[in-house]
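Undergrad: heads up, no residue letters with this:
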Ligand code: NOJ
């Protein structure tokens, strides 16, 4: 490829300059089309005839690896049907450090192990369907406040000088934040998106330690790093620090302006030798490599292009609607991406994502025979938002919640609301049904609930991405309270109705202290954002057609002060600093360490059945070693692309072949004056980097996801589970490990395995966990390696992070 051809792969063509949220330049000479990058993690954004899948948080709550893999496949299939080449998901960061963090609902819960397994399953699923996955956001994007300069020039905040810096220590970086990225790299993820925020005071997308070292050397990531949209802040520095692709192409805050840090400037920087041509070759190779990395992926042909436009719903329109430019063309082909199979996966994920938190006297499932003949469904959050199912990026919150808001939203093809589904089931059973939707004028609700045998109160709490504000919530939630006067609604209903069932449809933990112990609150369901099937799944659980099996992927605290808070202060220099003081003590690890009793712990969730767990067995598969073996040396470079910088005239805009489109970013030089540096000038690589190939891998590295030995299974653990109840159901067995503290203290319990098993009544089955070398390792920052400490490792097979069923031990000697 010529230099402009390679540069064309690295630089987005500009916001709106192409059908997808991100479009690379094309290389027509080689039959490479503009590559389409499209959100997102819960289905295809900005188009029609697609499935709105349950969120990442819901997928995590299922604790079902196989189902999450199938969800990934279904999401991949739909992207493929729409002509997307690169899907911008899964989200495995935010990791959920902060309960109020706006985007926690996109990713897989507040534990690195859970995030890693579910992220890897999703990547496998998506990529097996022929679409490259992009795991995001690397790293520390734990809150929306101040993630991006330019978004915060309103409200109480002055314009920021820089994005927030997430200050993460080396141990937490390895054991918590980077952990799931190692999993997805091991699973073969093609792309990784660097985050908006700074990491340790350098922007994530130009952080050489993060990109060049941790990601590409230590974790041996072979694919491309793409910037979050507008997260690039420099041209040369970001290139030398490891960024491979900039999206959507422009500099931030100049959407449609056509100005880019790369494009023509990257071409010039290579011509004048500010950036070695090797680095550009590396970028292009990394962008194309994923398409050759497995039998399921291949480079799309010029015919395999998107059949939709992100920028208009109309069938026909101008080619570049935002730029008001171009001929009238067919923009949307309204291709059907949905299928019976995808519906099944979405619905099953929704069902298994629901968590039963309370069920006093077995009031659920609802039975007419238990005296429930008159049912009231109360709360605005169970109905239809007056603005419909699809207001901009799902920012409407006055109805049944299908997702949070922002780029991970998907257009609902339709929604079955909770009201609709519950009342249908109640009618089928000959019940009387009434509705009450006013959350403020509660007199009528009170009257109706007084008359009802049971009231289902549906309440919500929502958040989303920082570019949208809803009710003064700038992405992050302002608090963990229920929205729309929810607490008062519950209180007033319980005054009249002795059987009140609360359905919390929310993006994360909510404070339920005002009513959770009220005797009239007989049952509580936690329902994460479930996509279009939300109502169906809720109703099936309430009426017992589905036995609930979801588990909380985070802790619900009794006191709000027990959660890590959003950083609101800008600091004197308007460069907010967010030091992650919890270190490795994320979520339940913090509660366990400080012996704080939560309201509901991580991993908690009830069933309509009763299970017992017996017969713990622990087998050694490979003997553990304290230290990692040295990884093999890097392979010598077998092919070097010679520098072929020639006449700059070759890289000028080909005016005789085409006319420029306004705002479109091209790779061509502005003029021939590239002012080449002297031959012997060195490239200004960040400390520790040179364009020369290294021979040795770092001790922690040497293979995708780190040192290959980290991925070896050392122990196998098994246990028997039996269903002692009278209905079939799923049981989630969770394995937690308590580490010795020979070198360093660790959280009291760390999740290191989970298995979901379905059992008919009286049936017995076996669950098996594999403990890998990495699962027993701690990160020692002094020696920069993973170490297995000597001592006793306690194993707990549990029903939640606090309810231990069986324990055993592993003794590791010197
Ligand atoms: C910004 C979001 O942070 C990212 O997740 C998304 O993929 C891009 N916008 C593109 O929409």
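TA: Happy to help now that I have it. What you are looking at is a predicted structure, and each value in this text was computed from that prediction instead of being measured.

Undergrad: Next, find the distance separating residue 424 from the ligand.
TA: 36 Å (CB to the nearest ligand atom, to the nearest Å). The C-beta positions use only the backbone N, C-alpha and C, and glycine is treated the same way.

Undergrad: Now that residue: which helix or strand?
TA: For residue 424, the element it lies in under DSSP states H and E is helix 418-428.

Undergrad: helices or strands up against that helix?
TA: strand 374-378, strand 432-436, strand 454-461, helix 534-542 (3 or more CB pairs under 8 Å, 6 or more residues apart in numbering; DSSP states H and E).

Undergrad: which residues sit against the first one?
TA: Okay, so that is strand 374-378. 366, 418-419, 422-423, 426, 431-437, 445, 448-449, 451-458, 489, 493, 497 (CB atoms under 8 Å, 6 or more residues apart in numbering).

Undergrad: Report the beta-bridge partners for the residue nearest the centre of the chain.
TA: What sits nearest the mean C-alpha location of the chain, by CA atoms, centre = their mean, is residue 91, with 2.0 Å. Taking DSSP bridges, one finds residue 136 as the beta-bridge partners of residue 91.

Undergrad: how much space between it and residue 501?
TA: 31 Å (CB to CB, to the nearest Å).

Undergrad: again, but for residue 665
TA: The value you get for residue 665 to residue 501, if CB to CB is used, is 54 Å.

Undergrad: before we move on, what about residue 788?
TA: 47 Å.

Undergrad: With residue 572 instead?
TA: Counting by CB to CB, the gap from residue 572 to residue 501 is 50 Å.

Undergrad: Who has more neighbours out of these two?
TA: residue 501 (26 against 6; other CB atoms under 10 Å).

Undergrad: what's the burial count for the residue in the stretch 701-814 of the chain that the ligand sits nearest to?
TA: Distances between the stretch 701-814 of the chain and the ligand by CB to the nearest ligand atom are smallest at residue 705, namely 22.6 Å. Neighbour count of residue 705, defined by other CB under 10 Å: 25.

Undergrad: any low-confidence regions in the stretch 651-800 of the chain?
TA: For the stretch 651-800 of the chain, applying pLDDT under 70 flags the ranges 677-680.

Undergrad: Where do the strands of it begin and end?
TA: If DSSP state E, counting those that start in this stretch is used as the criterion, the strands of the stretch 651-800 of the chain fall at 713-723, 729-738, 750-759, 764-772, 777-780, 785-788, 791-798.

Undergrad: Mean neighbour count, those: which tops it?
TA: strand 729-738 (a mean of 23; mean count of other CB atoms under 10 Å).

Undergrad: Relative to that strand, what are the paired strands and their orientations?
TA: When DSSP bridges is applied, strand 729-738 pairs with strand 750-759 (antiparallel), strand 791-798 (antiparallel).

Undergrad: The last one versus strand 713-723: what angle between them?
TA: Okay, so that is strand 791-798. Orientation of strand 791-798 against strand 713-723 (axes from the mean of the first three to the mean of the last three CA atoms, to 10 degrees) gives an angle of 30 degrees.

Undergrad: likewise the first one?
TA: Orientation check (the same axes, to 10 degrees): strand 750-759 against strand 713-723 gives 40 degrees.

Undergrad: where along the stretch 351-500 of the chain do the strands fall?
TA: With DSSP E, counting those that start in this stretch as the criterion, the stretch 351-500 of the chain has strands spanning 355-359, 374-378, 432-436, 454-461, 469-470, 473-474, 500-506.

Undergrad: Nearest to residue 332, out of those?
TA: strand 469-470 (27.8 Å; CB to CB).

Undergrad: Report all helices and strands that the closest one contacts.
TA: So strand 469-470, by 3+ CB pairs under 8 Å, 6+ apart, packs with no helix or strand.

Undergrad: Please work out which residue of the stretch 601-750 of the chain is closest to the ligand.
TA: residue 665 (16.2 Å).

Undergrad: Do I have it right that that residue meets residue 260?
TA: Yes. Shown here, residue 665 and residue 260 form a contact pair, counting by CB atoms under 8 Å, at 4.8 Å.

Undergrad: anything in contact with each of those two?
TA: 11, 14, 249-250.

Undergrad: re the thing from before, which residues touch the residue nearest to the centre of the chain?
TA: Contacts of residue 91 (CB under 8 Å, 6+ apart): 41, 56, 103, 106-108, 135-137, 408.

Undergrad: Residue 694 reaches residue 633, doesn't it?
TA: No. Taking CB under 8 Å as the definition, residue 694 is not a contact partner of residue 633, at 9.1 Å.

Undergrad: Tell me the bridge partners for residue 464.
TA: residue 405.

Undergrad: Double-check it against residue 397; I have them as touching.
TA: No. Using CB under 8 Å, residue 464 is not in contact with residue 397; the gap is 9.2 Å.

Undergrad: who has more neighbours, the two?
TA: Per other CB under 10 Å, whichever of residue 464 and residue 397 has more neighbours is residue 464, with 30 against 23.

Undergrad: can you pull the contacts of that one?
TA: So residue 464 contacts 102-103, 144, 393-395, 404-406, 409, 470, 475, 507 (CB under 8 Å, 6+ apart).

Undergrad: likewise residue 147?
TA: 141, 163-164, 195-197, 466, 475.

Undergrad: same thing but at 10 Å, please
TA: Contacts for residue 147 (CB atoms under 10 Å, 6 or more residues apart in numbering) come out as 102-103, 137, 140-141, 160, 163-164, 166, 195-198, 228, 231, 465-467, 475-476.

Undergrad: go on, residue 127?
TA: 72-73, 76, 87, 133, 187-190, 290, 293-294, 296-297.

Undergrad: where does it land in three-state SS?
TA: helix (DSSP: H, G, I helix; E, B strand; the rest coil).

Undergrad: The one 3 residues further on too?
TA: Secondary structure state of residue 130, per three-state DSSP, is coil.

Undergrad: Surely it and residue 85 touch.
TA: Yes. Taking contacts as CB atoms under 10 Å, residue 130 lies within contact range of residue 85: 8.9 Å.
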